[in-house]
Structure formats: structure tokens, C-alpha cells
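# sequence plus the predicted model coming up.
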Amino acid sequence: AQSVTQPDIHITVSEGASLELRCNYSYGATPYLFWYVQSPGQGLQLLLKYFSGDTLVQGIKGFEAEFKRSQSSFNLRKPSVHWSDAAEYFCAVGGSGGGADGLTFGKGTHLIIQP
Amino acid sequence: ETGVTQSPTHLIKTRGQQVTLRCSSQSGHNTVSWYQQALGQGPQFIFQYYREEENGRGNFPPRFSGLQFPNYSSELNVNALELDDSALYLCASSPPPLAGVGETQYFGPGTRLLVL
């Protein structure tokens, strides 16, 4: 069965500092990997996705993520965070089965930005 | 281009009642998926509809059912509501699949359901 682990429940970062959010996945075949962001009371916004090819993917709002198959990881990074980045971040894995199994999400990492 | 919309935004029901939640998919998207997000948790997959048929289901009981209409909009119905059904219900739509490309799901704002 597929699973996603986000080891950090909360992360506090100073504004302007760099950020890395960890994500480890378990999936039996080629995974499709996603990062979504959720602001309080809102739905999920897609930040970036990895399907194949270049293992470093760029997303919106200055985020990037690197797929490392050997470590089963897909960590999210940003070189300099802004106060508006404070939100809940979810890593998700899906398969090549046309989505019929749905996406499997981690429990999320709550990002707090210190002024 | 209109994104995924859901209605209502909030809903309060009592235990044992039935509820219907609605979702309009993004233009050009023919697949709709539903997720349940309990407080402090990640979303959990309920089911997916494609061409008006359920084509995938997560670990949810049969009292969770759905429909997809010819215009690709969708409903989620929950019968015999339980207290644990209190959650944010998210709808996501996806464009027609392309060979060799994974499916990207685009989410609506959700419906927050409170069961008393």
C-alpha cells in the first residue's frame, strides 16, 4: 500500500530564511509526487508535481522540490520565505493507474513564519 | 477559466441525517474525486468518478455514495451521518489523461460539515 510520511508536524522559520520540508513516500511502482499548500479554511493549491524526467522540479511562489528515488524522498525547498508562506503543506503520492486509487497524502507540516 | 467550485461552504447536520454536497469541475475536466479531511489530518480519498461511473474508491463505507452528471459536475451523498463524519470535504477535478503523464488534481475550497 502506498503511504506518505511528513516527519515534521510544525516548522518555524524566520522571514527571509531558507526552508526545507521533508517528505518520504512508499509506493510499489513509479510514483507521481505532488506538493500542495492549504491556507486556513481553504482548499488545496498545487505548488508543484513530479511525473518523470528532471528530478528537480520548479513550482509556483518560488518553491522547488527534488525527487530522490534512492531515498524515497521528495523534499520541498524555498531559498527565502515570506510571511505569506505561513500555511499547511501537504505532500502526496499518486500512481499511473489513472488516479482511480486517488492521491495518498501525508499528515501535513504546519509552517510558522517568525518576523 | 473557472476553477473548481463547491457548495455549500458550511453545513450543520444532526446524527442520523443525510447530506448532499455539490461540486462543479474546472472547465475541460472530466474526472472528479472526493476527499475527506478531518481536523489536523491530510485528505483521505473517498472515491473518483469518470464518465458518470465510479472508477475507484477508498476505504469508506457504502453510506458514502456519489453521482457524476453529463456536465461533469458531481455530488457526494452521505447517509446516516455519524459524529466522526464532521470534516472538510474536498472535491478535485482532473483533465482527460494523457499517455505517460500522471493525473493532476485541482481542488475546490471545500465544504465544512459539522455533525451534532
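Happy to help now that I have it.

# for chain B, what lies in contact range of chain A?
B:4, B:6, B:31, B:33, B:35, B:40-48, B:50, B:55-56, B:58, B:90, B:92, B:94, B:97, B:100-110, B:112 (CB under 8 Å from any CB of the partner chain). From N, CA and C alone the C-beta is placed, and that goes for glycine too.

# give me the subset of the residues you listed lying in strands.
Taking DSSP state E, the ones among those that sit in strands are B:6, B:31, B:33, B:35, B:44-48, B:50, B:55-56, B:90, B:92, B:94, B:106-107, B:112.

# report the central residue of chain B.
residue B:34 (2.6 Å; CA atoms, centre = their mean).

# list the contacts of stretch A:60-67.
A:33, A:35, A:46-48, A:50, A:55-59, A:73-80, A:85 (CB atoms under 8 Å, 6 or more residues apart in numbering or on different chains).

# of those residues, just the buried ones, PyMOL syntax please.
Command for PyMOL that selects the buried part of those, burial taken from 16 or more other CB atoms under 10 Å in any protein chain shown:
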select buried, chain A and resi 33+35+46+47+48+50+57+59+73+74+75+76+78+85
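
# looking at the contacts of stretch A:60-67, which are in strands?
Per DSSP E, the contacts of stretch A:60-67 map to strands at A:33, A:35, A:46-48, A:50, A:56-58, A:73-78.

# same for chain B: which of those are within range?
residue A:46.

# so how far is the lowest-mean-pLDDT helix or strand in chain B from its chain's centroid?
One helix or strand of chain B scores below all others by mean pLDDT, DSSP states H and E: strand B:53-57, with a mean of 91. A distance of 12 Å separates the C-alpha centroid of strand B:53-57 from that of its chain, computed with CA atoms, centre = their mean, to the nearest Å.

# in chain A, which spans are strands?
Going by DSSP E, chain A shows strands at A:3-5, A:10-14, A:19-21, A:24-26, A:32-38, A:44-50, A:56-58, A:64-68, A:73-78, A:87-94, A:104-105, A:109-114.

# kindly reformat these as TSV containing mean pLDDT.
What follows is those, written out as TSV (pLDDT from 0 to 100):
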stretch	mean pLDDT
strand A:3-5	95
strand A:10-14	97
strand A:19-21	98
strand A:24-26	94
strand A:32-38	95
strand A:44-50	95
strand A:56-58	96
strand A:64-68	96
strand A:73-78	98
strand A:87-94	95
strand A:104-105	94
strand A:109-114	97
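
# okay if I get the ones you listed as CSV plus distance to residue B:64?
Below are the strands of chain A laid out as CSV (distance: least, CB to CB, whole Å):
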stretch, distance to residue B:64
strand A:3-5, 22
strand A:10-14, 31
strand A:19-21, 31
strand A:24-26, 26
strand A:32-38, 22
strand A:44-50, 20
strand A:56-58, 34
strand A:64-68, 32
strand A:73-78, 30
strand A:87-94, 20
strand A:104-105, 18
strand A:109-114, 28
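
# out of the ones you listed, nearest to residue B:22?
Smallest distance to residue B:22 across these (CB to CB): 18.2 Å, for strand A:44-50.

# same for the closest one, what does it pack against?
Here strand A:44-50 touches strand A:32-38, strand A:56-58, strand A:64-68, strand A:73-78, strand B:106-107, going by 3 or more CB pairs under 8 Å, 6 or more residues apart in numbering or on different chains; DSSP states H and E.
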